[in-house]
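*Asks:* pasting the sequence and the predicted coordinates here, then a few questions.
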Amino acid sequence: MVIPGIKLGLANIVILFTLCTCSKSDALYVLIGRLLLNALLFGNISSLMYSVCGGLLSFAVMCLAMEFIKLKTTAASILGGISHNIGQLTVACLMMNTSAVWVYLPYLIIGGTLAGMLNGMMVRKISALKIFQA
């Protein structure tokens, strides 16, 4: 069974790394730039809507998790992965005018958790490298 929407989310590594090593505004600029470039080079207005909703919700959840709940990088990344999928399902629900898409949520939660865990661990490893320390 193929589950639409399950991806590794490797582009989130750059966003999460920027969020951990720079400021929230820097990470938001990188996110917006990535979303726009991706839409211009590879997508259309529909894919932009999915990406913007998923990306911005994920970003907001990761920022809140790291600042107010004081979650570590991997835990925040997991929440970001799950919330990205929820944002995209919300767009799908609105665009298709059906709530039937929510049947994929359990699978996307598993996918978001695994991808978030992998990405969070990668950001932790990259952050520990001496080449990124001033």
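*Replies:* Thanks, I have the structure now.
*Asks:* alpha carbons only for contacts and neighbour counts from here, please
*Replies:* Noted.
*Asks:* low-confidence stretches in this structure?
*Replies:* Along the chain, the model assigns pLDDT under 70 to residues 1-5, 130, 132-134.
*Asks:* what segments of it are helices?
*Replies:* Ranges of helices within the chain are 11-21, 24-42, 45-67, 73-96, 105-128, based on DSSP state H.
*Asks:* give me the angle between the fourth one and helix 105-128.
*Replies:* Note on geometry: by axes from the mean of the first three to the mean of the last three CA atoms, to 10 degrees, helix 73-96 and helix 105-128 are set 140 degrees apart in direction.
*Asks:* list the buried ones in helix 73-96?
*Replies:* For helix 73-96, a neighbour-count test (16 or more other CA atoms under 10 Å) marks 73-92 as buried.
*Asks:* okay, now L28: neighbour count?
*Replies:* When neighbours are counted by other CA atoms under 10 Å, L28 registers 18.
*Asks:* ditto for G55
*Replies:* 26.
*Asks:* if I look at it, how far off is R34?
*Replies:* 10 Å (CA to CA, to the nearest Å).
*Asks:* now the closest residue in space to F59 that isn't next to it in sequence: how far from L56?
*Replies:* Sequence neighbours aside, G80 is the residue nearest to F59 in space, at 6.6 Å (criterion: CA to CA, 6 or more residues apart in numbering). Distance of G80 to L56, given as CA to CA: 10 Å.
*Asks:* ditto for C22
*Replies:* Distance of C22 to L56, computed by CA to CA: 18 Å.
*Asks:* so which of these two has more stuff around it?
*Replies:* The neighbour count for C22 versus L56, taken as other CA under 10 Å, is higher for L56 (19 against 11).
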